[in-house]
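1. Generate a structure from the sequence data that follows.
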Amino acid sequence: MIDPDWVPPQVNVSFNQHISIFQSKIKEICQNTSPKIILISSHGGIIRNLVYSLNPQLRPSDNVIFDSKIHEAGYTILNFDGQNFTVDQFDVHDHL
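-> Reported below is the predicted structural model:
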């Protein structure tokens, strides 16, 4: 596992900063869109880590992550109250 605050020299942005940018963008979309149901299709890593940042109890242990397969499938349902996101449902197979 990489440190999510590490800044790779190629991009000059940490993974946590990418998550923050992603969250800000979907917040902006939610605030400017009606109806309020939005489907996002993305690489699972950004969604998983957004969910973990919103609800850290959902993050599996490093040992589980280390032993998991790299393929993934699942879905996430977030709720937006106009200011903040919460995790309504989170279903990821193989934890990765």
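2. average pLDDT across the longest helix seen in the chain?
-> Scanning the chain for the longest helix, with DSSP state H as the assignment, gives helix 15-31. Mean per-residue pLDDT for helix 15-31: 91.
3. Work out the gap between it and the centre of the chain.
-> Remark: helix 15-31 is offset 10 Å from the chain centroid, using CA atoms, centre = their mean, to the nearest Å.
4. Stretch 42-49 now?
-> Its chain's average C-alpha position is 5 Å from that of stretch 42-49, according to CA atoms, centre = their mean.
5. Tell me which residues of that stretch come out buried.
-> Of the residues in stretch 42-49, 46-49 count as buried by neighbour count, 16 or more other CB atoms under 10 Å. To be clear about C-beta, it is placed using only N, CA and C from the backbone, and glycine gets the same treatment.
6. Past the helix or strand bottoming out on mean pLDDT in the chain, which element shows up next along the chain?
-> Ranked by mean pLDDT, DSSP states H and E, the helix or strand of the chain with the weakest confidence is helix 62-67, at a mean of 73. Later in the chain than helix 62-67, the nearest helix or strand by DSSP states H and E is strand 73-80.
7. For that following strand, the averaged confidence score.
-> So the average pLDDT for strand 73-80 ends up being 83.
8. Give the partner strands of that strand in its sheet and their orientations.
-> If you go by DSSP bridges, strand 73-80 pairs up with strand 85-93 (antiparallel).
9. Please compute how far the partner strand lies from its chain's middle.
-> 9 Å.
10. go on, stretch 43-57?
-> 3 Å.
11. what does stretch 11-24 give?
-> Stretch 11-24 sits 11 Å away from the centroid of its parent chain (CA atoms, centre = their mean).
12. contacting residues around it?
-> 2, 4-7, 46, 49-50, 53, 85 (CB atoms under 8 Å, 6 or more residues apart in numbering).
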